[in-house]
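> How does the following fold in three dimensions:
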Amino acid sequence: MSDRGLRVNENIRAREVRVIDENGEQLGVMIPREALRIARERGLDLVEVAPNARPPVCRVMDYGKYMYEKSKKERESRKNQKTVKIKEVRISPKIDDHDFSVRVKNAVGFLQKGNKVKATVRFRGREIVHADIGKKLLEDLAEFVQDYAVVERDPKVEGRNMIMILAPKQSE
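Numbers count the residues shown, from 1 in each chain. Predicted coordinates:
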């Protein structure tokens, strides 16, 4: 087999194949040797495009050009993709008002750049008993950034941390 799982030319193993020419017209069902002879006469390759069909479907095409076009499309689609990073904002249950406003400002900055924000309240020692304080802090944070974000995951306790994930709002 060649790369990408397509069988080409002499590698086609079926007894009979349905052949489609380079213009998309069906040439009928024939043995692979005959189909390969037709492809060679036209200066092209015989490529198995649907191996699970009965009989398998083969196409007469320029395989090198096909693979080049395919890789070009993949590169183009990767170029248009946007990777989303997750930034973290850590808060403790005993946080002061000013420190909290700094965390809000950082979260807003991350969200404006298109990143997701993972807001974490870290409980130390016996603070875990007051999980309601952490939940209130995370809800307050969500309220302050509601113009820039939507809550993707509600506050949830994981071990000694309470985590909430905020995703940037999609601009209309």
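> Could you use CA atoms for every contact and neighbour count after this?
Will do.
> What pairs with the longest strand anywhere in the chain, parallel or antiparallel?
Longest strand in the chain by number of residues (criterion: DSSP state E): strand 149-158. Strand 149-158 has the following sheet partners, assigned by DSSP bridges: strand 161-168 (antiparallel).
> And the partner strand, how far out from the chain middle?
21 Å (C-alpha atoms, centre = their mean, to the nearest Å).
> In it, which residues are buried?
161, 162, 163, 164, 165, 166, 167, 168 (16 or more other C-alpha atoms under 10 Å).
> Then stretch 120-135?
120, 121, 122, 123, 128, 131, 133, 134, 135.
> The last one: what secondary structure?
It refers to residue 135. Look at residue 135: counting by DSSP: H, G, I helix; E, B strand; the rest coil, its state is helix.
> In space, what's closest to it - neighbours in sequence excluded?
residue 155 (6.4 Å; C-alpha to C-alpha, 6 or more residues apart in numbering).
> Go ahead and confirm that neighbour touches residue 138.
Yes. The criterion here is C-alpha atoms under 8 Å, and residue 155 meets it with residue 138 at 6.9 Å.
> coming back round to it: tell me which two of the buried residues of strand 161-168 sit farthest apart.
161 and 168 (22.5 Å; C-alpha to C-alpha).
> Might you list the low-confidence residue ranges for the chain?
1-5, 171-172 (pLDDT under 70).
> Do you have the helices of it handy? List them.
Along the chain, counting by DSSP state H, helices occupy 32-41, 63-80, 97-112, 131-144.
> So which other helices or strands are in contact with the last one?
To tie it back to what came earlier, the one meant is helix 131-144. strand 116-122, strand 149-158, strand 161-168 (3 or more C-alpha pairs under 8 Å, 6 or more residues apart in numbering; DSSP states H and E).
> how about these, which one is nearest residue 110?
Using C-alpha to C-alpha, these put strand 116-122 closest to residue 110, at 6.9 Å.
> so what are the domain limits for the protein?
The chain resolves into domains spanning 3-77, 86-168 when parsed by automatic domain parsing.
> was I right about residue 168 contacting residue 114?
Yes. Here residue 168 lies in contact with residue 114, judged by C-alpha under 8 Å, at a distance of 5.9 Å.
> Contact partners for residue 69?
Residues counted as contacts of residue 69 (C-alpha atoms under 8 Å, 6 or more residues apart in numbering): none.
> Could you check how far it is from residue 62?
11 Å (C-alpha to C-alpha, to the nearest Å).
> Residue 111 too?
47 Å.
> got it, and residue 81?
Taking C-alpha to C-alpha, one finds residue 81 at 29 Å from residue 62.
> the more surrounded of those two?
residue 62 (16 against 8; other C-alpha atoms under 10 Å).
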